[in-house]
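# Just need the structure, nothing else, for what follows:
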Amino acid sequence: MRTSIRRLSLLSLLSVALLASGFGVMRAPTAHALSCVGFTVEEAYERYEAVIVGQVDAIEPFGNKGELNQAEVTVLRSFKTIEDRQLSVLESATWGAGFAPSEVGGQYLMYLNKTADGWEQPLCSPGMQIEHKAEDLKWLEDKEIPLKPLNASDDVPDSDLEAPVEGSGVDTGENSPQERVTAATVAADGMSKLATVESNSSRVIWTILFSISAVLAGAAVWMYAARNRKGKIK
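Below is the predicted model of the structure:
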């Protein structure tokens, strides 16, 4: 009987170890299957024709092959070339810039090149959501260029002519100071989101491990009690 309990105990420890290692594998993003060469922000700034912070307003398929998406982007800040406030950006429908496709409502640091079909965020360009790009934004701050002012005669929807939401980082084209999307605000927001995700993940891990350990321990106790009952009957 003691041998059976020892075996169950070893099985419990082995299950916990396998579960912990398996959970680590499951958390690895599948996008890592795409191998990309990394660039420093200085290298990326020289390599790409345009650099912006943009908010994705809409996404639709581009072309007949299903390989590209076209994102309609509101330009919040520009650090190279781009002065327009509205932009159409092409990107891979599967990988986006190399990690995941852009999402509507998301704000991204985008490194762009000009193609025959328009501006494109090329595969493996270092573009990503701004909360993950605090260091890039810090380096780019003194590279910022002004955007074209909004005029009532511009051919843009009325909603785009409304005053920007405080803290959105949109350049109004006026001389009055306005809060921008800066490296400091991005870093604070990103750390807050990452802390929330890690906290939730930790709770899930410990709940699963505790449940498995409890089941195996209960099985060991039940076997021990059953063995004792049989001994008394005899």
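# Distance check, the closest residue to I145 other than its chain neighbours against K148.
Nearest residue to I145 in three dimensions, chain neighbours excluded: S78, at 5.3 Å (Cβ to Cβ, 6 or more residues apart in numbering). From N, CA and C alone the C-beta is placed, and that goes for glycine too. Using Cβ to Cβ, to the nearest Å, S78 is found at 10 Å from K148.
# So if I had to pick from these two, which one is more boxed in?
Legend: neighbour count by other Cβ atoms under 10 Å for S78 and K148, higher for S78 (24 against 15).
# give me the element the more buried one is part of.
Using DSSP states H and E, S78 falls within strand 68-80.
# tell me the mean pLDDT over that strand?
On average, the pLDDT along strand 68-80 is 97.
# list the buried ones in it?
N69, Q70, A71, E72, V73, T74, V75, L76, R77, S78, F79, K80 (16 or more other Cβ atoms under 10 Å).
# Next: stretch 102-116.
S102, G106, Q107, Y108, L109, M110, Y111, L112.
# ok, and what's touching that stretch?
By Cβ atoms under 8 Å, 6 or more residues apart in numbering, the residues outside stretch 102-116 that reach it are 44, 47-59, 69, 71, 73, 76, 82, 89-91, 96-97, 119-122, 125-130, 133, 136-137, 169, 181.
# Among the residues you listed, which are located in strands?
In strands, defined here by DSSP state E, the members of the contacts of stretch 102-116 are 50-59, 69, 71, 73, 76, 89-91, 119-120, 128-129.
# just the buried members of those residues?
50-56, 59, 69, 71, 73, 76, 89-91, 119-120, 128-129.
# Just the CA coordinates for the strand holding S78, please, in PDB.
Extracted in PDB, the C-alpha atoms of strand 68-80 (Å, rounded to 0.1, in the frame of the first residue of the first chain):
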ATOM      1  CA  LEU A  68      -3.000  41.800 -47.900                       C
ATOM      2  CA  ASN A  69      -5.300  43.900 -45.800                       C
ATOM      3  CA  GLN A  70      -5.800  47.700 -46.200                       C
ATOM      4  CA  ALA A  71      -6.000  49.600 -43.000                       C
ATOM      5  CA  GLU A  72      -7.500  53.100 -42.900                       C
ATOM      6  CA  VAL A  73      -5.400  55.000 -40.500                       C
ATOM      7  CA  THR A  74      -5.700  58.400 -38.700                       C
ATOM      8  CA  VAL A  75      -2.200  59.800 -38.300                       C
ATOM      9  CA  LEU A  76      -1.600  61.000 -34.800                       C
ATOM     10  CA  ARG A  77       2.100  61.800 -35.100                       C
ATOM     11  CA  SER A  78       4.600  61.800 -37.900                       C
ATOM     12  CA  PHE A  79       8.400  61.400 -37.600                       C
ATOM     13  CA  LYS A  80       9.300  61.100 -41.300                       C
END
